[in-house]
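>>> please work out how this folds:
(one chain, ligands or ions: 2)
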Amino acid sequence: MKKELYQYDLYPLVFPVGVATEFTIQPLGYPLTVFGEGYTVAVYSRYLARGREEECIRRTDIPCTVDEAGRLHFTYTAATECEHHVSLRLNDKPQADLWIYAVEEDLAGRYPLRGDLHTHSCRSDAKQAPAVVCANYRRRGYDFIVLTDHGRYYPSLEAIAAFSEVKTALNILPGEEVHLPGTTVHLVNAGGKYSVNGLVPALQQYSETKGDTDKRRLDATVTPPPIRTMEQYEAEIAAVEEQVKAAGCPANVNSHSYAVCRWAFDRIREAEGLGVWAHFYWADELAPAPDPFIYYMMETHPFDAIEALGGAAKVHENGFQAALYYDEYRHGRVHAVVGSTDSHDYTELNPGSAHCCTLVFAEKNDRKSIVQAVKDRYSVAVDTKQPEFRLVGEFRLQRYATFLLENYFPLHDRQAAMDGEMLCRYVHGDATAEEVDLVSARAEKLLKKYIRTK
Ligand SMILES: [Zn+2]
Ligand SMILES: [Zn+2]
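Ligands and ions are numbered 1, 2, ... in the order given. Sure, this is the predicted structure:
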């Protein structure tokens, strides 16, 4: 965390363009505990508006007031979406460099949320129980997670149920990694209201829940489609494959495997989930796909989003995935992106576990808003394995996300660590629901303090 964040608490950090916004600077006792006479701020904005050729740095000097508690107040209106440098000055001598970010109207209605749309528990091949995975994620600064066990949807319901009696700030979405007969390609159903694995009788979701309907849907208001017989499933795939061939699927692309993927993504959409093509360029025994298959998938994009970064241990593969994302951009195809840990061991003991995430800009931290925001391409994939973190996504969002990772998330993460610690204790019977709620309620306050919407 940078020094200035220990010295001063400046809020809001994010504010709308064109709106006169009042800012507060609270000294944190390093060295000041209160402000006195002679303090002003100069705000420098770097105009890089689209469609403008000039680039200029403009300085605005702003008088400040000091309230009874010794906090400084000033009002500023930004003309353009960008980062603004707040130079805190005493008798016009610089004292500290602080930063705020102005956003255009579409982003001003959205909160930045850190999440993971692809994770595993011990219900498939990972190490921790579903509830423990969730609590650990919150401790490490995540606002939402989707538990996506291999071939199984019901563990995500177990995770949701574990916290149904508390008002945790961590939003747990239903989900699953989809593994269907006829393909080795890995897909993720993030947030779907029912299981796609559960539509096919050959899979763990089916055998381990013994046909219990409640374990293949989010809640009692959801009616999933009937389970196919294997003959019905194979007939549906054959029909899709025929269409795919008629549409000109190249001879060097496995049309059957492709047809299964297309069928699965359509089913995920019907379930109101986000269909993610997982770790699509991992060059190992997991989900290997030859280049022609990858290019054809990209060209026809039956998915909703690609996992541009998929687990921090796969440095080179993630690099190729990022390169492919930008190659696609060159071809005029702008895919929605996510960054996932795909973690199978989610404690600090596993150093590679918490380095990827998706930053989503969503109106609310709920299932529907997150799925929609990613589909609408309000997301950035993030890898923080190195201190010089790597982002994949649109330039405008990368710029904003970088500001947030440096100025907002360090503060957010301290709150999340407290929440997560309480969730861990709650899971083990060492904290009451009231104690969890008390700590979690602060998360919403923190979000609204730093991120000013319209
Ligand atoms: Zn996988
Ligand atoms: Zn996985």
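
>>> mind showing which ranges of the stretch 51-200 of the chain have poor pLDDT?
For the stretch 51-200 of the chain, the stretches flagged by pLDDT under 70 are 51-56.

>>> up against ligand 2, what does it have?
The stretch 51-200 of the chain comes close to ligand 2 at residues E177, as judged by CB under 5 Å from the ion. For every residue, glycine as well, the C-beta is placed using N, CA and C.

>>> over in the stretch 51-200 of the chain, which residue gets nearest ligand 1? Let me know.
In the stretch 51-200 of the chain, the residue that lies nearest ligand 1 is H186 (3.4 Å; CB to the ion).

>>> all strands of the stretch 301-450 of the chain, in order?
In order along the chain, the stretch 301-450 of the chain carries the following strands (DSSP state E, counting those that start in this stretch): 305-310, 336-340, 356-362, 379-383, 390-392.

>>> in TSV, list the ones you listed along with distance to ligand 2, mean neighbour count and mean pLDDT.
As requested, those are arranged in TSV below (distance: least, CB to the ion, whole Å; neighbours: other CB atoms under 10 Å; pLDDT from 0 to 100):
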stretch	distance to ligand 2	mean neighbour count	mean pLDDT
strand 305-310	8	29	95
strand 336-340	8	28	97
strand 356-362	12	27	97
strand 379-383	16	28	96
strand 390-392	19	22	95
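
>>> distance to A78 added to the ones you listed, as JSON lines?
Conversion of those to JSON lines gives the following (distance: least, CB to CB, whole Å):
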{"stretch": "strand 305-310", "distance to A78": "30"}
{"stretch": "strand 336-340", "distance to A78": "27"}
{"stretch": "strand 356-362", "distance to A78": "18"}
{"stretch": "strand 379-383", "distance to A78": "21"}
{"stretch": "strand 390-392", "distance to A78": "23"}
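
>>> which one of the ones you listed lies nearest to E165?
If you check each of the strands of the stretch 301-450 of the chain against E165 by CB to CB, strand 356-362 wins as the nearest, at 25.0 Å.

>>> how about the strands of the stretch 301-450 of the chain, which one is nearest K445?
With CB to CB as the yardstick, what comes closest out of the strands of the stretch 301-450 of the chain is strand 356-362 (18.6 Å).

>>> helices and strands around the closest one, which ones?
Using 3 or more CB pairs under 8 Å, 6 or more residues apart in numbering; DSSP states H and E as the contact criterion, the elements in contact with strand 356-362 are strand 111-119, strand 336-340, helix 367-375, strand 379-383, helix 395-407.

>>> in the stretch 201-350 of the chain, what residue comes closest to ligand 2?
Here the residue of the stretch 201-350 of the chain nearest ligand 2 is D342; by CB to the ion that distance is 4.3 Å.

>>> what's near enough to touch the nearest residue to D67 once chain neighbours are set aside?
Taking CB to CB, 6 or more residues apart in numbering as the measure, D67 lies nearest to H73, with 6.4 Å between them; neighbours along the chain are not counted. Contacts were defined as CB atoms under 8 Å, 6 or more residues apart in numbering; by that measure H73 touches 22-25, 64-67.

>>> helix, strand or coil for H73?
Three-state secondary structure (criterion: DSSP: H, G, I helix; E, B strand; the rest coil) places H73 in strand.

>>> and it, bridged to which residues?
Taking DSSP bridges, one obtains T24, T65 as the residues bridged to H73.

>>> outline the domain layout of this structure.
3-104, 109-423 (automatic domain parsing).

>>> most neighbours per residue, which of the ones you listed?
Mean neighbours per residue, mean count of other CB atoms under 10 Å, is largest over the domains of the chain for domain 109-423, with a mean of 20.

>>> that one: end-to-end distance?
By CA to CA, to the nearest Å, the extent of domain 109-423 from end to end equals 29 Å.

>>> over to F265: give its phi and psi.
Dihedral angles of F265 (phi, psi; degrees, to the nearest 10) stand at phi -60, psi -40.

>>> thought it was touching D304?
Yes - checked against CB atoms under 8 Å, the pair F265 and D304 is within contact range at 7.2 Å.

>>> what's the span of stretch 384-392, first residue to last?
End-to-end distance for stretch 384-392, by CA to CA: 12 Å.

>>> so what touches that stretch?
Residues external to stretch 384-392 that are found in contact with it (CB under 8 Å, 6+ apart): 308-309, 312, 315, 318, 321-322, 325, 337, 339, 352, 355-357, 380-383, 398, 401-402, 405.

>>> apart from its neighbours in sequence, what residue is nearest L98?
The spatial neighbour of L98 that comes closest, neighbours along the chain excluded (CB to CB, 6+ apart), is V86 at 4.2 Å.

>>> if you could redo that for Y76, that was the one I meant.
The spatially closest residue to Y76, leaving aside those adjacent along the chain, is V43, at 5.5 Å (CB to CB, 6+ apart).

>>> distance of the most centrally placed residue in the chain relative to V374?
Closest residue to the average C-alpha location of the chain: T358 at 2.8 Å, with CA atoms, centre = their mean. Applying CB to CB, to the nearest Å, the value for T358 to V374 is 7 Å.

>>> SS state for the closest residue to A271 other than its chain neighbours?
The shortest distance from A271 to any residue that is not its chain neighbour, by CB to CB, 6+ apart, is 3.5 Å, and that residue is G192. Three-state secondary structure (criterion: three-state DSSP) places G192 in coil.

>>> fine, thanks again, bye for now.
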